[in-house]
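Q: Could you look at this predicted model? Sequence included:
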Amino acid sequence: MRSSKSRSRNKSRNNRPTGGNIINRVFDSSGPDGKVRGTPQQIIEKYNQLHRDAVVSGDRVDAENFAQHAEHYTRLLAEAQREVDAKREEQEEQNRQRQAERDRERQERLNAQEEAANAPLEMDQPDHAHEEGDSGLVETPEAKPKRPRQPRKPRKAPDEGPKNDNAPEAAE
């Protein structure tokens, strides 16, 4: 059985933030005026507000300190934004390449279909005209002359026909 110490150590390792999307990540900033918590944009706005307040009150040291903290998070946010933009550009380039490949394949298929459709028209027909009496055409049933049909013989009425004595009679 594990001790509670090892379990708590494992928990702390699993709960660490993993880089990820810094733009939306919540930070705890320990500034000169206490903790400031929020996304980088919120922290920048808070430190800029604290900077303005310090300038108005005449505290140049605190004003510079808040300005430096705001600048730090501004740089952090700008770097994260550059990474996001670079990833987006890379993704868009991959999408353009995939689309171009699909367009190329589609065009090749269309060209192959057009060639297949035009191929029977362009194929050389065998030359059988030199044979005697052969026109080179295949005889089809539609081309044969129809011979006139013989009229049908009239049917005999059922009571006129000869009786078949071998047929079984219906049971009564």
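A: Happy to help now that I have it.

Q: hey, let's count contacts and neighbours off CA atoms from now on
A: Fine.

Q: what about the helix ranked longest in the chain, average pLDDT?
A: Longest helix in the chain, counting residues (DSSP state H): helix 60-122. Mean per-residue pLDDT for helix 60-122: 91.

Q: same question, stretch 48-55
A: 94.

Q: And for stretch 156-163?
A: 64.

Q: 419 is where my numbering starts, stick with that
A: Happy to do that; since the first residue is 419 now, the last one works out to stretch 574-581.

Q: Now do the buried residues in stretch 444-455.
A: Applying a neighbour-count criterion of 16 or more other Cα atoms under 10 Å, one finds Val444, Val454 buried in stretch 444-455.

Q: mind checking the end-to-end distance for that stretch?
A: 7 Å (Cα to Cα, to the nearest Å).

Q: And for that stretch, what's in contact with it?
A: Stretch 444-455 has contacts (Cα atoms under 8 Å, 6 or more residues apart in numbering) with Gly456, Thr457, Pro458, Ile461, Lys464, Asp480, Asn483, Phe484, His487.

Q: Reformat those residues as TSV; add neighbour count and distance to Pro566.
A: Formatted as TSV, the contacts of stretch 444-455 follow (neighbours: other Cα atoms under 10 Å; distance: Cα to Cα, whole Å):
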residue	neighbour count	distance to Pro566
Gly456	15	100
Thr457	18	97
Pro458	25	98
Ile461	21	102
Lys464	18	105
Asp480	18	117
Asn483	18	114
Phe484	25	111
His487	21	108
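
Q: what's the farthest-apart pair in those?
A: Within those, Thr457 and Asp480 form the most distant pair, 22.1 Å apart (Cα to Cα).

Q: Next, count neighbours for the closest residue to His469 other than its chain neighbours.
A: Counting by Cα to Cα, 6 or more residues apart in numbering, Ala481 is the residue found nearest to His469 once chain neighbours are left out, at 4.6 Å. The number of residues packed near Ala481 is 22, by other Cα atoms under 10 Å.
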